[in-house]
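Visitor: no sequence on hand, only this structure:
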């Protein structure tokens, strides 16, 4: 049975990748092999598209055909594909302790840790701060500018998440400052 969005342990990412799915019987003998395609992956599993009928709780392993990376898995659910009538979609749980997909996933239910903002000199006005940043960026190398841009983007995103302003309000404020500097 599929889990609801709120029960998921990590984000789902659409990815198309070929895997070899091998199902083992109770004695450990191979009872089924099929090359399947991922539809989406998560840290703990995947939604696969294939043609063979599988049963919940069957166990086996998946192998990434590109890298040879292997992990044990368990069949969780299976249903007919809505997009391809001849195919079946199967949910599998990856039972490996290692990062099978070799990528990071976010937890959709995790609460972001509160960021502590320390203002060293609250008497600096936004206009002065922007002017100093502009002067500093004029004399910095391209790599430093990319770091500065990443810092500003992160700051803006955090302030937006805290509902301190909207993107439209920020743009209007920056334009207003620019108009004051260039009458």
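Guide: Good, I have the coordinates. Everything numeric here is computed off the predicted structure, so don't read it as measured data.
Visitor: low-confidence regions, the chain specifically.
Guide: 1-9, 107-126, 129-154, 178, 180-183 (pLDDT under 70).
Visitor: what packs against the biggest strand by length in it?
Guide: In the chain, assigned by DSSP state E, the strand with the most residues is strand 30-42. Applying 3 or more C-beta pairs under 8 Å, 6 or more residues apart in numbering; DSSP states H and E, one finds that strand 30-42 contacts strand 13-14, strand 18-24, strand 45-50. Heads up, the C-betas are built off the backbone N, CA and C, glycines and all.
Visitor: want to try CSV for those, with mean neighbour count and distance to residue 104 as columns?
Guide: Below are the helices and strands packed on strand 30-42 laid out as CSV (neighbours: other C-beta atoms under 10 Å; distance: least, C-beta to C-beta, whole Å):
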stretch, mean neighbour count, distance to residue 104
strand 13-14, 12, 10
strand 18-24, 18, 20
strand 45-50, 22, 16
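Visitor: test my guess that residue 58 contacts residue 74.
Guide: Yes. In this structure, residue 58 is within contact of residue 74 by C-beta atoms under 8 Å, at 7.2 Å.
Visitor: neighbour count: those two, which is higher?
Guide: residue 58 (19 against 15; other C-beta atoms under 10 Å).
Visitor: now do that one against residue 67, distance only.
Guide: 24 Å (C-beta to C-beta, to the nearest Å).
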